[in-house]
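> sequence and predicted structure below; questions after.
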Amino acid sequence: MIGIVQAIAKGGAGIIHLADKTVFVPGVISGETVEFTIQEEQKGIWRGKLQRILEPSPQRVEAPCRHYQECGGCNLQHMTYPEQLRCKKDILTANLKKIAGITSTESMTVLPSPPFRYRNKIEFQVQNGARGFFQKKSHQLVSISQCLLLSDTAERFLLELPPLPIGSKGVLQILDNGSDLAARLQHSEGDARWLTPRHSLFFDFPSHRYQTGPEHFIQANIFQMQPMLELLTKHLPANLGNAAADLFCGCGFFTLPLAQHFQHVLALENNPGNLVALQANLESNQITNVEVRPVDALKADLPFLDLVVLDPPRGGLSAAVISRIAQAEVKKAIYFSCDSATFARDLRLFLKQGFDLRELKIIDNFPQTDHFEIFSVLEKIQCV
């Protein structure tokens, strides 16, 4: 079959409309004329396989990674970086229109990243001692001899790592702060084996120092960490505010700057490892005005708050927690999201609760993939 690619969908595949169906074909670029075959239909979604590019886009490039055609780690390496950013903006715009009913996104801006060597935290699959990523749309391991998302140091560590024991299965976790590495093998059975002398690393910023390990949550793009902190602090009060909360706070990446701007900060986190790192970071930065609650942020009650920071997993929030945020008389919500569909769903609920979208930005934390971070500022509409 032959068709013209209309757009790129969430997931990185191109959208091709036929007379009776819409087909999603990976490896294409908007505007290209391609030949493809239809492979399968699942739950009303048709998936195709690219056969030939008949009219290539001027934005097409040769993927620099030798594993790109098989490895499931990246899915946009065949595009120029500006085209990747344009696609991400289109993906978010489409979801906002379809799910949240928002049609005006002209003010949305994009914060780009260096397109390679940006990962400070990464996880590789391990099967029978081999390490790599799963093949696209499968659990078949692709053993890799190159990964352009890693720093040169981390890539060299990966390639020079002695063979893992035959039968090893699990996840290889690597953390890189630009000068040191920490790595461990998290076995499927539950135990872990450290592969480096260091078990945790420091990330230093002008106002704070964070200590975290490869098993803890922290932002994964080393070039975007400081810009993300600056985006947050730009919207914090110049004078000391009363109360704020950091939901899904991880090791305290956003909690620490919040503590500088509010008299009292509530930090919610239910991952035991993240809680240990959070407490250590509060103590080492001599922060005493943060109340840590080891609870699921989706189920927790909230006190009255001036501001709330949200950085949930891909599943996003829920109608219940958004309702509790409104009941807590929150004046401003700063929402970091890593999924455009769940963000659009949650945004629609915030708007129903009387919030207004004041700022929207894409933070490209994941070049060469269709993933990205969303930064948004929501303010409660004040009745006159």
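That came through, no problem.

> just list the residues touching the spatially closest residue to G213 that is not a sequence neighbour, thanks.
Spatial nearest neighbour of G213, excluding adjacent residues (Cβ to Cβ, 6 or more residues apart in numbering): S200 at 4.2 Å. C-beta: built from backbone N, CA, C; applies to glycine. Going by Cβ atoms under 8 Å, 6 or more residues apart in numbering, S200 touches A182, Q211, T212, G213, A277.

> ok, now S107?
E359, L360 are the contacts of S107 under Cβ under 8 Å, 6+ apart.

> if I look at it, how far off is D306?
As judged by Cβ to Cβ, to the nearest Å, S107 and D306 stand 25 Å apart.

> likewise V292?
Going from V292 to D306 by Cβ to Cβ gives 19 Å.

> likewise K137?
Distance, K137 to D306, using Cβ to Cβ: 45 Å.

> which of those two has more neighbours?
It is D306, of K137 and D306, that has more neighbours when counted by other Cβ atoms under 10 Å, with 20 against 11.

> might one say that that one is in contact with L240?
No: with contact defined as Cβ atoms under 8 Å, D306 does not reach L240; the gap is 10.5 Å.

> need the residues touching each of those two.
Common neighbours of D306 and L240, using Cβ under 8 Å, 6+ apart, are F262.

> picking up where we left off before, got phi/psi on the residue nearest to G213?
Phi and psi for S200, reported as degrees, to the nearest 10, are phi -150, psi 160.

> so what's the nearest residue to L310 once chain neighbours are set aside up against?
Once flanking residues are discounted, L310 sits nearest to Y335: 4.5 Å by Cβ to Cβ, 6+ apart. By Cβ under 8 Å, 6+ apart, Y335 lies in contact with L310, D311, F343, D346, L347, F350, I374, F375, S376, V377, L378.

> surely Y335 is in a helix?
No: counting by DSSP: H, G, I helix; E, B strand; the rest coil, Y335 is not part of a helix but strand.

> so where's the protein uncertain?
Along the chain, segments meeting pLDDT under 70 span 383-384.

> mind naming the longest helix for it?
Using DSSP state H to define each element, the chain has its longest helix at helix 81-95.

> please name every helix or strand in contact with it.
The helices and strands touching helix 81-95, judged by 3 or more Cβ pairs under 8 Å, 6 or more residues apart in numbering; DSSP states H and E, are strand 7-8, strand 109-111, helix 340-352, strand 355-363.

> what does the first one contact?
Pointing back at strand 7-8 there. Counting by Cβ under 8 Å, 6+ apart, G14, I15, V28, I29, S30, C87, D90, I91, A94, D370 sit against strand 7-8.

> output stretch 273-287 as PDB, nothing but the C-alphas.
Taking Å, rounded to 0.1, in the frame of the first residue of the first chain, the C-alpha atoms of stretch 273-287 are listed here in PDB:
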ATOM      1  CA  GLY A 273      14.400   4.100  48.700                       C
ATOM      2  CA  ASN A 274      13.400   7.600  47.600                       C
ATOM      3  CA  LEU A 275      12.400   8.400  51.200                       C
ATOM      4  CA  VAL A 276      15.900   7.500  52.500                       C
ATOM      5  CA  ALA A 277      17.500   9.800  49.900                       C
ATOM      6  CA  LEU A 278      15.000  12.600  50.600                       C
ATOM      7  CA  GLN A 279      15.700  12.500  54.400                       C
ATOM      8  CA  ALA A 280      19.500  12.500  53.700                       C
ATOM      9  CA  ASN A 281      19.200  15.500  51.300                       C
ATOM     10  CA  LEU A 282      17.100  17.500  53.800                       C
ATOM     11  CA  GLU A 283      19.700  16.800  56.500                       C
ATOM     12  CA  SER A 284      22.800  17.600  54.400                       C
ATOM     13  CA  ASN A 285      21.200  20.900  53.200                       C
ATOM     14  CA  GLN A 286      20.200  21.700  56.800                       C
ATOM     15  CA  ILE A 287      16.500  22.000  55.900                       C
END
